[in-house]
Structure formats: C-alpha cells, structure tokens
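Everything below, folded, please.
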Amino acid sequence: MGFVLFYRKKLYQSKVTGVFKQVGHFFGGAHETVNILTSINRATAIMIPQSHDKIWKYGIPISCVIVIIVGVAGSWHLFDSTAIFFPFLFDGEVYFTMFQGYNKHPEISDTRNAVIVALVSPSISVPLYAIAICFLRKKWKIK
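Below is the predicted model of the structure:
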C-alpha cells in the first residue's frame with residue numbers, strides 16, 4: 001500500500017508511464033519477430049543444413065536490425081504519449097492497470113496493432129515448424 005501512497009501522484013499520468021507503455025509495445029512486437037526468425041532458423045537448419053551456416057552468417061545481423069525496426073514500427077506513436085496507471089483494489093490487494101492517456105496519434109489503434117502481431121506471427125511460424133517436422137519425419141523415415 002505504501003507504493004500506492006508514495007507514487008500515486010508521481011506516476012498517475014506522466015511521461016514515465018508513457019515510456020513504460022512504449023517499451024511494453026516495443027518488446028511485444030520484437031518478441032513476435034524473434035519467434036518468426038527462430039522458426040526460419042530452425043527450418044533452414046532442417047531443410048537445407050549444408051547452407052544453414054552461410055545463410056545465418058549474414059542472417060543474424062540482418063535479423064537484429066529487423067527486430068529493432070519491427071519493435072519501433074509498432075510503438076513509435078507512443079514516444080510522445082502519456083499513459084495512466086489506474087490503481088484498483090481486488091481481494092484486499094492493490095493492482096494497477098495501464099491506460100493510454102494523451103495521444104497525439106489517435107488514428108493508430110494499439111489494439112489493432114496487437115491483433116495484427118498476434119495473428120501474423122503464428123501464421124508464419126506454425127507452417128514453418130510443420131514443414132520442418134515433415135522434413136524430419138521423411139529424413140528419419142517415420143510414418
């Protein structure tokens with residue numbers, strides 16, 4: 001409860017909370033991009049092992065740049081926004097929910113961006129993993 005009393009006024013709506021929200025969105029997009037790149041890496045290791053090292057010699061630096069670009073692309077509009085910590089009491093414990101405060105880019109929907117990321121990542125990763133499994137089953141002659 002001391003956290004709430006001390007930080008309530010300081011963190012209620014400020015640039016600091018906006019940074020928290022922006023960082024959260026950045027890492028959400030970056031995480032899903034890493035999932036896709038990991039599935040590509042594993043698929044190339046199984047499907048074309050003779051070229052895997054050559055591909056990923058250049059693929060790793062390129063992948064790092066892609067992760068940063070995708071993370072920033074999904075969160076750039078939050079750099080100059082604020083967010084609001086909303087404390088609420090449940091079962092005798094204090095919890096915090098973060099809402100977007102002032103936004104200079106209301107035409108950009110955080111929810112829409114999150115849905116796109118949540119749908120695109122599995123739609124790429126799952127087929128790659130399935131293809132890699134099929135290659136392994138064929139290689140190991142498993143029916």
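
Counting by contacts, list what whichever strand or helix holds H31 packs against.
Under the criterion of DSSP states H and E, H31 resides in helix 15-47. Packing partners of helix 15-47 (3 or more Cβ pairs under 8 Å, 6 or more residues apart in numbering; DSSP states H and E): helix 49-73, strand 83-90, strand 93-100, helix 110-139. Every C-beta, even on glycine, is put in place using the N, C-alpha and C of the backbone.

Quick check, pLDDT for the residue most central in space within the chain.
When Cα atoms, centre = their mean is applied to the chain, the residue found nearest the centroid is G28 (1.9 Å). The model reports G28 with a pLDDT of 87.

same check, this time on H105
Reported pLDDT for H105: 73.

pLDDT below threshold where in this structure?
Along the chain, the model assigns pLDDT under 70 to residues 1-15, 99-103, 143.

on that earlier part again, please convert the helices and strands packed on helix 15-47 to CSV, extending it with mean neighbour count.
Formatted as CSV, the helices and strands packed on helix 15-47 follow (neighbours: other Cβ atoms under 10 Å):
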stretch, mean neighbour count
helix 49-73, 13
strand 83-90, 15
strand 93-100, 12
helix 110-139, 13
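
Adding distance to I40, write these out as JSON lines.
Putting the helices and strands packed on helix 15-47 into JSON lines (distance: least, Cβ to Cβ, whole Å) gives the following:
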{"stretch": "helix 49-73", "distance to I40": "8"}
{"stretch": "strand 83-90", "distance to I40": "34"}
{"stretch": "strand 93-100", "distance to I40": "33"}
{"stretch": "helix 110-139", "distance to I40": "6"}
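
closest one to N35 among the ones you listed?
helix 110-139 (5.4 Å; Cβ to Cβ).

tell me what the closest one is packed against?
Using 3+ Cβ pairs under 8 Å, 6+ apart: helix 110-139 touches helix 15-47.

picking up where we left off before, who's in contact with the residue nearest to the centre of the chain?
Going by Cβ atoms under 8 Å, 6 or more residues apart in numbering, G28 touches G74, A114, V117.

can you check L37 too?
S63, I66, V67.

So the last one is in contact with A30, correct?
It stands for V67. Yes. In terms of Cβ atoms under 8 Å, V67 counts as a neighbour of A30; the distance is 5.0 Å.
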